[in-house]
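A.B. asks: with the sequence up front, the predicted model follows.
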Amino acid sequence: MWSRARPLLAQWGSASADDLNNVEKFLKQLHKIDPSAEHFRYPELKSGTPTLPDLGRLHIRRFHEAMERMASFLDAADGYLAEMRDQNAEMARDMGGW
């Protein structure tokens, strides 16, 4: 989804290139650790294999703070893109009679 959202935010959004790059970097780090989005949610897979056996130490406060910033950014981006979609739909309706 990020590969579709980033160009829209870059074109129409107010997010800086640094913000977009930081979000992308963090998402790539998460994907590298947990590509199926299962490992952070469950202690083991259905097969019984432990998840994240090689993760090592995790500074939980820093991880939490990073996730909070990410959630805040993505929530704002979602609201912005939804507003843009609604405005475009309204303009299309208004211009429909022309």
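C.D. replies: Happy to help now that I have it.
A.B. asks: next, the buried residues of the helix or strand hosting M67.
C.D. replies: Using DSSP states H and E, M67 maps to helix 60-95. Across helix 60-95, burial judged by 16 or more other Cβ atoms under 10 Å covers 73, 77, 80. All C-beta spots, glycine's among them, are computed from the backbone N, C-alpha and C.
A.B. asks: show me what contacts the residue nearest the centre of the chain?
C.D. replies: In the chain, the centroid-proximal residue (Cα atoms, centre = their mean) is L74; its distance is 5.4 Å. By Cβ atoms under 8 Å, 6 or more residues apart in numbering, the contact list for L74 reads V23.
A.B. asks: over to I33?
C.D. replies: Counting by Cβ under 8 Å, 6+ apart, I33 touches 39-40, 52, 55.
A.B. asks: and the pLDDT at it?
C.D. replies: I33 is assigned 86 on the pLDDT scale.
A.B. asks: care to break this structure down by domain?
C.D. replies: With domains defined by automatic domain parsing, the chain comprises 14-56, 58-98.
A.B. asks: kindly export stretch 91-98 (C-alpha atoms) in CSV.
C.D. replies: Only the C-alpha atoms of stretch 91-98 are listed here, as CSV (Å, rounded to 0.1, in the frame of the first residue of the first chain):
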residue,chain,number,x,y,z
MET,A,91,-16.1,18.6,-7.8
ALA,A,92,-16.9,15.8,-10.3
ARG,A,93,-20.6,16.0,-9.2
ASP,A,94,-20.7,19.8,-9.4
MET,A,95,-19.1,19.8,-12.8
GLY,A,96,-21.3,16.9,-14.1
GLY,A,97,-23.8,19.3,-15.6
TRP,A,98,-21.2,21.3,-17.7
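A.B. asks: could you give the separation of it from the chain centroid?
C.D. replies: 33 Å (Cα atoms, centre = their mean, to the nearest Å).
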